[in-house]
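Visitor: My questions concern the predicted model and sequence given below.
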Amino acid sequence: MASDSNHDQKPRQRGLHELYREDPIKADEQLWGRETDPDSRRGFLKRSGLLAMATALGASIPFAKNMPAGLIPAAFAQSDEPFTLPGKEGLTILNDRPINAETPPHLLDDEITPAKHMFVRNNGLLPNIEALDPNKWTLEIAGESCENPTTFTIAELKERFKHHSYQLTVECGGNGRSEYVPAASGNQWTTGAVASPKFTGVRLRDVLEACGIKKDAVYIGYYGGDLHPSGDPSKAAISRGVPMSKALEDETLIAWAMNDEDIPVLNGHPLRLVCGGWPASTSGKWLKKIVIRNQIHDGNKMAAPSYSVPKYPVAPGTQVPNEDMEIIESMPIKSLITFPKTGISHQLGQPLKVRGHAWAGDLEVTELHLSIDFGATWHKAELRAPANRLAWQHWQSELTFPEKGYYEVWAKAVDSEGQAQPMVVPGWNPKGYLNNACHRIAVQIV
């Protein structure tokens, strides 16, 4: 019983996501009075629970018997925020110090992501804007495994090395973190920390080879012009890297242009590294220095638990020793529904056009499937080849619905090694990385 001292206090308001993060099964019960079959963990044991959810959705749920327990209806799982950043349109701001913002899925519908819709991910504070003069900017190549340390201006990079352009997919390792239970600390990304613009620059390999790579080289690391959140200039905001095998790939670029224009300031102008298919944290922004290392780079955010996952499956909430963690490399298979926007109403009897993108880290996507019955059955979509290696791939399909009511469209991609997206959130990890669960949208057939 509550004490009298609480009598005058206003009841604490709690959000849907908070309730589901704490205990999804309990949230089902609290919100809808829903109980599910203990064996299949799907459906509704009591009609009252189904009616409560259908009432909230404003429609019946024809495939309710297949709906997994603890699932927030997609109609409520995503929301639009009215905030924007300079040069960006429609992004949802997750944090303002440092600035982090993601893109709602329907704004990622372009085949090549426009600058205004590319997400913003920072670990530190933006450099002084007056210091970002391309005519004065320099890039130093050094490190214990560099034979001839050299400093280049951007003009010298453009003059000495062949230019290359690739469409490259970059995704934050924590994209999808908001769905993990128990919740992981950090920005609560939903689905929008991914983009696939066209970058232009020079191959990192050409520049490193021009400076000489010693035989003992195993890794590269970068340093950028951003500032540590403490303001201490002796500390790097972030300094990550990749093994030499990734550094020497054709598509790994030192880039000065995005979509044939200057890279936006929030995305690394005037110079950035781009390692497509790997966590975006390996694609250093405001690039000032690259070191060739004879060991795994030991810059800030390289050590576990940063950008690392357990070497073995763990139960949610497990304390994992750092020595049992490994650095994330290629990102997993994933897809996104970019059209239509979640929450639409559609006329019964009219085919619904659905489209989006899929990507698979260093691999290629080979299949894309859609479901309208919570994953009980799947329909194969038309999938296109990538513009080049490490670009995301476009898919499209048309769906029909058997009767009026509430539906969810789920998308599931399969990569060239046969790995498919899981229908539910994959293995929990302490920092909430690599959530590649099927994306879903809400559709009401009227």
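Guide: Thanks, I have it.
Visitor: Low-confidence regions, the stretch 101-250 of the chain specifically.
Guide: Within the stretch 101-250 of the chain, no stretch has pLDDT under 70.
Visitor: Tell me which stretches of it form helices.
Guide: Here the stretch 101-250 of the chain has its helices, by DSSP state H, counting those that start in this stretch, at 154-160, 204-211, 244-247.
Visitor: Now the shortest one: buried residues?
Guide: The reference is to helix 244-247. 244, 246, 247 (16 or more other Cβ atoms under 10 Å). In this view, the C-beta of every residue, glycine as well, is placed from N, C-alpha and C.
Visitor: which residue packs closest to the last one, ignoring adjacent ones?
Guide: By that I understand residue 247. residue 220 (4.6 Å; Cβ to Cβ, 6 or more residues apart in numbering).
Visitor: which among the buried residues of helix 244-247 gets closest to residue 188?
Guide: Nearest to residue 188 among these is residue 246, at 28.5 Å by Cβ to Cβ.
Visitor: so that closest one touches residue 275, yeah?
Guide: Yes: here residue 246 reaches residue 275: they are 6.0 Å apart, a contact under Cβ atoms under 8 Å.
Visitor: Now do the shared contacts for those two.
Guide: Residues within reach of residue 246 and of residue 275 at once, by Cβ atoms under 8 Å, 6 or more residues apart in numbering, are 252, 282.
Visitor: How about the secondary structure of residue 28?
Guide: helix (DSSP: H, G, I helix; E, B strand; the rest coil).
Visitor: For it, which non-adjacent residue is spatially closest?
Guide: In space, residue 28 is closest to residue 34, 4.2 Å off (Cβ to Cβ, 6+ apart).
Visitor: isn't the one you found right next to residue 52, touching?
Guide: Yes: Residue 34 is in contact with residue 52 according to Cβ under 8 Å; the separation is 7.3 Å.
Visitor: Looking at those two, which one has more neighbours?
Guide: Of the pair residue 34 and residue 52, residue 34 is the one with more neighbours under other Cβ atoms under 10 Å, namely 22 against 16.
Visitor: Tell me, how many residues neighbour residue 215?
Guide: That count, for residue 215 with other Cβ under 10 Å as the rule, works out to 6.
Visitor: Quickly note the distance from it to residue 293.
Guide: Distance from residue 215 to residue 293, counting by Cβ to Cβ, to the nearest Å: 13 Å.
Visitor: what does residue 171 give?
Guide: Taken as Cβ to Cβ, the span from residue 171 to residue 293 is 25 Å.
Visitor: which one of the two has more residues nearby?
Guide: Taking neighbours as other Cβ under 10 Å, residue 171 and residue 293 compare with residue 171 leading, 28 against 22.
Visitor: what's the nearest residue to the more buried one once chain neighbours are set aside in contact with, if anything?
Guide: The spatially closest residue to residue 171, leaving aside those adjacent along the chain, is residue 194, at 4.0 Å (Cβ to Cβ, 6+ apart). By Cβ under 8 Å, 6+ apart, the contact set of residue 194 is 108, 119, 169, 170, 171, 172, 175, 334, 336, 359.
Visitor: coming back round to it: from the buried residues of helix 244-247, which is closest to residue 352?
Guide: residue 246 (39.9 Å).
Visitor: so what's the closest one up against?
Guide: Contacts of residue 246 by Cβ under 8 Å, 6+ apart are 252, 275, 278, 282, 329.
Visitor: ok, and the closest non-adjacent residue to the first one?
Guide: Just to be clear, that refers to residue 252. residue 204 (4.7 Å).
Visitor: Verify the stated contact: that neighbour with residue 273.
Guide: Yes: the criterion here is Cβ under 8 Å, and residue 204 meets it with residue 273 at 7.0 Å.
Visitor: picking up where we left off before, distance to residue 315 added to the contacts of residue 194, as a markdown table?
Guide: As requested, the contacts of residue 194 are exported to a markdown table (distance: Cβ to Cβ, whole Å):
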| residue | distance to residue 315 |
| --- | --- |
| 108 | 33 |
| 119 | 31 |
| 169 | 32 |
| 170 | 31 |
| 171 | 26 |
| 172 | 25 |
| 175 | 23 |
| 334 | 24 |
| 336 | 29 |
| 359 | 29 |
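Visitor: pull the longest strand from this structure.
Guide: Criterion DSSP state E: the longest strand present in the chain is strand 405-415.
Visitor: Buried residues, it. List them.
Guide: Buried, per 16+ other Cβ under 10 Å, within strand 405-415: 405, 406, 407, 408, 409, 410, 411, 412, 413, 414, 415.
Visitor: Relative to residue 377, which of the residues you listed is nearest.
Guide: residue 410 (10.7 Å).
Visitor: for the closest one, which residues make a bridge with it?
Guide: As for beta bridges, residue 410 partners with residue 371, residue 440 under DSSP bridges.
Visitor: residues in contact with it?
Guide: 370, 371, 372, 374, 375, 423, 438, 439, 440.
Visitor: Same check on residue 412?
Guide: Contacts of residue 412 by Cβ under 8 Å, 6+ apart are 335, 368, 369, 370, 371, 375, 378, 420, 421, 423, 438.
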